[in-house]
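Engineer: Got a predicted model here, sequence first, then my questions.
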Amino acid sequence: MSDPVFITNVSVARMDGADGAYSLLRQAGLRIEGDRIAWVGPMAEADPAWRGQEIDGGGRLLTPALIDCHTHIVHGGNRAREFEMRLQGASYEEIARAGGGIVSTVSATRAADEQTLLDAALIRADALIAEGVGTVEIKSGYGLDIETELKMLRVARAVGAQRPLRVVTSFLGAHAVPKGKTADAYIDEVCIPALEAAHEAGLVDAVDGFCEGIAFDATQIARVFDRAAALGLPVKLHAEQLSNMGGTALAASHGALSADHVEFATEADARALKAAGSVAVLLPGAFYTLHETQKPPVAAFRAAGVPMAVATDWNPGSSPMGSLLLAMNMGCTLFGLTPAEALAGTTCHAARALGLKDCGVIAPGMRADLALWDVEAPAELSYGIGINPLYRRIHGGRA
Ligand code: NIG
Ligand code: FE
């Protein structure tokens with residue numbers, strides 16, 4: 001066990017106020033024992049015996065380490081050609097229906113060996129770590145066959161083993177329909193057996209899907225979710241990204257951890273998410289990349305009291321974005337979030353979107369996953385564009 005650490009002279013955004021408010025404590029200190037937060041409070045109340053083990057915070061801002069709760073950072077190849085096509089007027093859906101899109105990344109991911117996928121994923125993970133990220137969710141979904149879905153999830157676990165980073169996996173077999181199969185046949189003959197095999201191998205923390213005209217409808221997703229429930233796995237869903245297909249309502253009816261994208265969600269969807277205790281995960285990088293104009297119903301989420309998370313959705317097609325701080329900035333500028341909502345969206349509410357109860361807020365007993373920033377006010381984290389004010393990251397109590 002590592003020696004206790006006492007961080008002095010910091011402003012602490014504890015993120016444990018009502019609805020994820022900053023709950024800012026100025027002139028504060030924080031004591032770490034092992035991998036946990038042992039104490040947080042005003043410097044004036046700190047135990048003098050802790051002196052001698054301190055890190056001088058120098059008046060900086062201390063927050064929970066950030067949590068990127070929606071990524072696809074394990075993948076082969078890139079889709080810069082589709083970027084060029086969209087700039088010439090082609091839409092994401094047109095490219096997908098013409099055989100590009102997700103299935104082109106499937107070919108590249110199937111062709112890549114495990115080490116190649118891991119090397120590329122580690123570079124992406126390092127970019128997130130450099131911005132104070134302590135937990136990342138990583139999805140499968142570019143295999144669409146049993147072997148490659150498992151390969152992707154093994155690589156995701158290896159990222160967590162090779163870096164000081166907590167990795168949470170989501171099985172996303174229901175991401176796209178591979179060539180040569182109907183959607184129904186794919187779900188029953190490949191996706192569900194792949195889920196069972198991946199679960200058996202201990203590779204699945206949650207089950208995801210893509211409910212959309214270019215992917216799967218709500219009845220097909222429901223079959224995957226029923227299997228997830230039978231295996232005791234939580235679910236989440238890419239829902240209402242390009243149209244309203246009833247995905248958010250389906251996710252809520254299955255008690256999902258989250259519904260993600262949700263640009264086309266309605267007020268009734270917001271109420272359903274609230275009743276289910278689900279988080280709305282906003283992905284401004286995909287909104288921006290796809291030139292989307294329909295914004296997620298932030299006012300309805302606020303009115304209903306739905307917690308909102310913010311994530312990068314880092315993937316090679318709809319969101320080639322390697323910065324969670326930029327996602328926070330875009331959440332504010334494009335979707336109208338407040339900087340406080342954006343920070344809650346990458347800390348306490350992101351933890352909830354992953355079903356994690358031991359991180360995302362600063363309180364005694366929580367994991368000591370922390371980020372120390374060279375800023376005075378929390379709003380500065382969302383305000384900068386392409387600016388990284390991280391001073392130091394602490395992971396599992398290790399500075
Ligand atoms: O979250 N919407 C579906 N899935 C991904 C996009 C994946 C891709 O285009 O490769 C998303 O945006
Ligand atoms: Fe996604």
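Structural biologist: Good, I have the coordinates. Ligands and ions are numbered 1, 2, ... in the order given.
Engineer: got a pLDDT number for the residue nearest in space to the middle of the chain?
Structural biologist: Relative to the mean C-alpha position of the chain, the nearest C-alpha, by Cα atoms, centre = their mean, is the one of Cys69, at 1.4 Å. Model confidence at Cys69, expressed as pLDDT, equals 99.
Engineer: and the residue nearest to Glu240 when sequence neighbours are not counted, how many neighbours?
Structural biologist: Nearest residue to Glu240, sequence neighbours excluded (Cβ to Cβ, 6 or more residues apart in numbering): Phe264, at 4.0 Å. All C-beta spots, glycine's among them, are computed from the backbone N, C-alpha and C. The local packing count at Phe264 equals 20, with neighbours defined by other Cβ atoms under 10 Å.
Engineer: Check whether Phe264 really touches Gly247, as I assumed.
Structural biologist: No. Phe264 is beyond contact range of Gly247, at 9.3 Å (criterion: Cβ atoms under 8 Å).
Engineer: Now do the contacts for Gly277.
Structural biologist: Counting by Cβ atoms under 8 Å, 6 or more residues apart in numbering, Gly277 makes contact with Gly255.
Engineer: and it, how far is that from ligand 1?
Structural biologist: Shown here: Gly277 relative to ligand 1, a distance of 22 Å by Cβ to the nearest ligand atom, to the nearest Å.
Engineer: For the protein, give the residue positioned nearest to ligand 1.
Structural biologist: For the chain, the residue positioned closest to ligand 1 under Cβ to the nearest ligand atom is Gly317, at a distance of 2.5 Å.
Engineer: where's that residue, which helix or strand?
Structural biologist: Counting by DSSP states H and E, Gly317 is held by no secondary-structure element, helix or strand.
Engineer: list the contacts for it?
Structural biologist: Listed by Cβ under 8 Å, 6+ apart, the contact set of Gly317 reads Arg79, Glu82, Tyr92, Gly101, Ile102, Thr105.
Engineer: now Gly336, nearest residue through space, not along the chain?
Structural biologist: The spatial neighbour of Gly336 that comes closest, neighbours along the chain excluded (Cβ to Cβ, 6+ apart), is Val298 at 5.6 Å.
Engineer: what residues are up against the one you found?
Structural biologist: Applying Cβ under 8 Å, 6+ apart, one finds that Val298 lies in contact with Leu282, Met308, Phe335, Gly336, Leu337.
Engineer: Look at the spatially closest residue to Ala108 that is not a sequence neighbour and give its secondary structure.
Structural biologist: Counting by Cβ to Cβ, 6+ apart, Gly77 is the residue found nearest to Ala108 once chain neighbours are left out, at 2.9 Å. At Gly77, secondary structure determined by DSSP: H, G, I helix; E, B strand; the rest coil is coil.
Engineer: Now find how far off-centre stretch 317-326 is within its chain.
Structural biologist: Relative to its chain's centre, stretch 317-326 lies at 11 Å (Cα atoms, centre = their mean, to the nearest Å).
Engineer: So which bits of it are buried?
Structural biologist: Neighbour-count burial for stretch 317-326 flags Gly317, Ser318, Ser319, Pro320, Met321, Gly322, Ser323, Leu324, Leu325, Leu326 (criterion: 16 or more other Cβ atoms under 10 Å).
Engineer: where does Met1 land on pLDDT?
Structural biologist: Per-residue pLDDT puts Met1 at 62.
Engineer: Now Pro19, what are its backbone angles?
Structural biologist: No, residue 19 isn't Pro; it's Asp. Dihedral pair for Asp19: phi 60, psi 30, per degrees, to the nearest 10.
Engineer: okay, now it: neighbour count?
Structural biologist: When neighbours are defined as other Cβ under 10 Å, Asp19 has 13 of them.
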